[in-house]
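> Provide a 3D model corresponding to the input given below.
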Amino acid sequence: MEKIKLAIVGCGGMGGRHLLGLKELDESGMSNVELVAACDLRRDNAERLADKAANLLGARPPIFGDMAEMVKAIPDLTAVVVTSDAGSHHVVACQAFELGLHVLCEKPLGVSMRACNRILAAQARAGKVLSVAENYRRDPMARLTKALIDAGAIGRPYLMFDLAASGRSDILILPWRHYKHVGGMVIDGGVHNADLQLYFLGDVSEVYARTKLWETTRHKGARLGVADFYEAWRGEIPATITATSEDMFVAVVGFKSGATANWTQFYAGHGKGFGQRVIYGAKGSLVCGGIRNGVSPILTLDNGTELTGDALLELVPDYHLDTITEQLYAAPRPAAFSLSFPACDRKLLAIEYHEFARCIFTGQTPEVDGRAGCRALGICYAGLESGVLGQPVIVDDVEAERTALYEADINAHWGI
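Below you'll find the predicted structure:
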């Protein structure tokens, strides 16, 4: 099979997770990509990832600290995967397009709407593929949830609850996720939720939110979270940090369909953690399928009937996974599955890679292209702008930078 030659740019924890995704794709027998370089401003990070690639993929890619030098050294390099911190996505992606490369960019697409718009403009000039690595919607249980909604299992959707609380005063994963100028947890984590809301219920018109920073001092906890992907950097994390980004985001989201979402992301939740994602419609309710855990959706109808697991499949005869997802999950129509979080994580990354390469070969548009990635981020920033202004904010106004009070100092920090 012909393969796209690509480089990972940003060789920290997320870069390492992408490496596992490449290994998963390689083992599927359907790999259409080849890792040929690792690039990072920190040589130790690039060396670490290259060493792991040698063990996982059988070949050690050369390492670079500069993309222009990398392109010069590898003339047939076709694409890059941007897995640096969110604040630098626009810098790396724009340079990659200028160098004539296709781009798969980790979410969020940019650190601000202006950063996103710069990426989209650079892509338009280059005429290259831009895919955003948004993995939640690619999970088979999200696919099943979407199929049930589209089949009318709950009737017309009225209201979605998308609620989560946890975090205490711990440093969540790495310190940069608590700093406003690199997005913060509402952006880094919340963009997943925004994309799922778009996927399940369609486009969003406005957001009205209350936001706050409760835990200004964050402490290094017993674990970093997200499996052990980031443990190599544990020694670099200080005992405490001063957070600058909001850890409470409580929003009412208005969809163009007329539906509404009650959306809360609370990263300062002490005591018992909480999470729920459920959609109510004209005929019943649907607890959405789990993401990266294989938990089946639960459908409850007005007559008291409750369906989950294989019983749901009769309602969605057209529900089938695409070829690569079926191969990785070993089932064409799964209603549930049992896999660890790390196993799911690498499978979803493998799916992203396979689609990215296919779009380069065929000229197709990725499912989550630059516009879709920009929209999800726009929903998050509409909420953050609303938290400052104390009024509902139109998502279109945020995307067009007509409403950018909250983002002003982020843009100033990055000089954009």
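
> neighbours around the residue lying closest to residue 232 once chain neighbours are set aside, how many?
If you skip the residues right next to it in sequence, residue 232 has residue 48 as its closest partner in space, 6.7 Å away by C-beta to C-beta, 6 or more residues apart in numbering. In this view, the C-beta of every residue, glycine as well, is placed from N, C-alpha and C. Applying other C-beta atoms under 10 Å, we find 20 other residues in the vicinity of residue 48.

> surely residue 48 forms part of a helix?
Yes. With DSSP: H, G, I helix; E, B strand; the rest coil as the criterion, residue 48 is part of a helix.

> residue 8 versus that one, what's the distance?
To residue 8, residue 48 is 12 Å away according to C-beta to C-beta, to the nearest Å.

> got any residues that touch both of those two?
With contacts defined as C-beta atoms under 8 Å, 6 or more residues apart in numbering, no residue is shared by residue 48 and residue 8.

> residue 233 is in contact with the residue nearest to residue 232, correct?
No. Under the contact definition of C-beta atoms under 8 Å, residue 48 does not touch residue 233, with a separation of 10.0 Å.

> count of neighbours near the nearest residue to residue 364 once chain neighbours are set aside?
The spatially closest residue to residue 364, leaving aside those adjacent along the chain, is residue 358, at 6.8 Å (C-beta to C-beta, 6+ apart). Using other C-beta under 10 Å as the criterion, residue 358 is surrounded by 17 other residues.

> list the beta-bridge partners for residue 262.
Here residue 262 shows beta-bridge partners residue 161, residue 252, assigned using DSSP bridges.

> sorry, back to before: host element of the residue nearest to residue 364?
When secondary structure is defined by DSSP states H and E, residue 358 falls within helix 341-362.

> give the buried residues for that helix.
Neighbour counts using 16 or more other C-beta atoms under 10 Å place 343-360 of helix 341-362 among the buried residues.

> and if you look at stretch 24-44?
By 16+ other C-beta under 10 Å, the buried positions in stretch 24-44 come out as 24-26, 31-40.

> swap in stretch 262-272?
Neighbour counts using 16+ other C-beta under 10 Å place 263, 264, 265, 266, 267, 268, 269 of stretch 262-272 among the buried residues.

> and stretch 162-176, by the same measure?
Of the residues in stretch 162-176, 162-167, 169-176 count as buried by neighbour count, 16+ other C-beta under 10 Å.

> pull the distance from it to the chain's centre.
Once both centres are worked out by C-alpha atoms, centre = their mean, to the nearest Å, stretch 162-176 turns out to sit 16 Å from its chain's centre.

> over to stretch 325-340?
Relative to where its chain is centred, stretch 325-340 has its mean C-alpha point 20 Å off (C-alpha atoms, centre = their mean).

> care to break the protein down by domain?
The chain breaks down into these domains under automatic domain parsing: 4-135+364-369, 137-339.

> kindly check the end-to-end length of the first one for me.
Yep, that's domain 4-135+364-369 we're talking about. With C-alpha to C-alpha, to the nearest Å applied, domain 4-135+364-369 spans 18 Å between its terminal residues.

> same question for that domain, mean pLDDT?
For domain 4-135+364-369, mean pLDDT rounds to 97.

> from here on, call the first residue 31.
Yes, from this point I'll number from 31; that puts the last item at domain 34-165+394-399.

> chain center to that domain: distance?
15 Å.

> in TSV, list the buried residues of stretch 54-74 along with secondary structure and distance to residue 184.
As requested, the buried residues of stretch 54-74 are arranged in TSV below (DSSP: H, G, I helix; E, B strand; the rest coil; distance: C-beta to C-beta, whole Å):
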residue	secondary structure	distance to residue 184
54	helix	33
55	helix	35
56	helix	40
61	coil	38
62	coil	37
63	strand	38
64	strand	44
65	strand	43
66	strand	47
67	strand	48
68	strand	46
69	strand	46
70	coil	46
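
> tell me which two in those residues are the farthest apart.
Longest distance between any two of those is 24.6 Å, between 62 and 70; criterion C-beta to C-beta.

> now the helices for the stretch 181-330 of the chain?
Under the criterion DSSP state H, counting those that start in this stretch, the stretch 181-330 of the chain contains helices at 214-218, 220-231.

> mind giving me the packing neighbours of the last one?
What it means is helix 220-231. Counting by 3 or more C-beta pairs under 8 Å, 6 or more residues apart in numbering; DSSP states H and E, the packing neighbours recorded for helix 220-231 are helix 170-180, strand 187-197, strand 234-242, strand 278-285, strand 290-299, strand 304-311, helix 400-419.

> could you do the first one as well?
The elements that helix 214-218 packs onto, with contact taken as 3+ C-beta pairs under 8 Å, 6+ apart, are strand 290-299, helix 400-419.

> hmm, try it at 10 Å
helix 220-231, strand 278-285, strand 290-299, helix 400-419 (3 or more C-beta pairs under 10 Å, 6 or more residues apart in numbering; DSSP states H and E).

> send the alpha carbons of it over as CSV?
Presented in CSV, the C-alpha positions along helix 214-218 are these (Å, rounded to 0.1, in the frame of the first residue of the first chain):
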residue,chain,number,x,y,z
GLY,A,214,-6.7,26.5,29.6
MET,A,215,-8.7,23.4,30.4
VAL,A,216,-12.0,24.9,29.2
ILE,A,217,-10.5,25.1,25.8
ASP,A,218,-8.3,22.1,25.8
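
> need the outlier residue of the protein, farthest from its centre.
residue 333 (37.0 Å; C-alpha atoms, centre = their mean).

> what's near enough to touch that one?
313, 314 (C-beta atoms under 10 Å, 6 or more residues apart in numbering).

> now the most centrally placed residue in the chain: closest residue in space that isn't a chain neighbour?
For the chain, residue 164 is the residue whose C-alpha lies nearest the centre (C-alpha atoms, centre = their mean; 3.6 Å). For residue 164, ignoring the flanking residues on the chain, the nearest one in space by C-beta to C-beta, 6+ apart is residue 398 at 4.4 Å.
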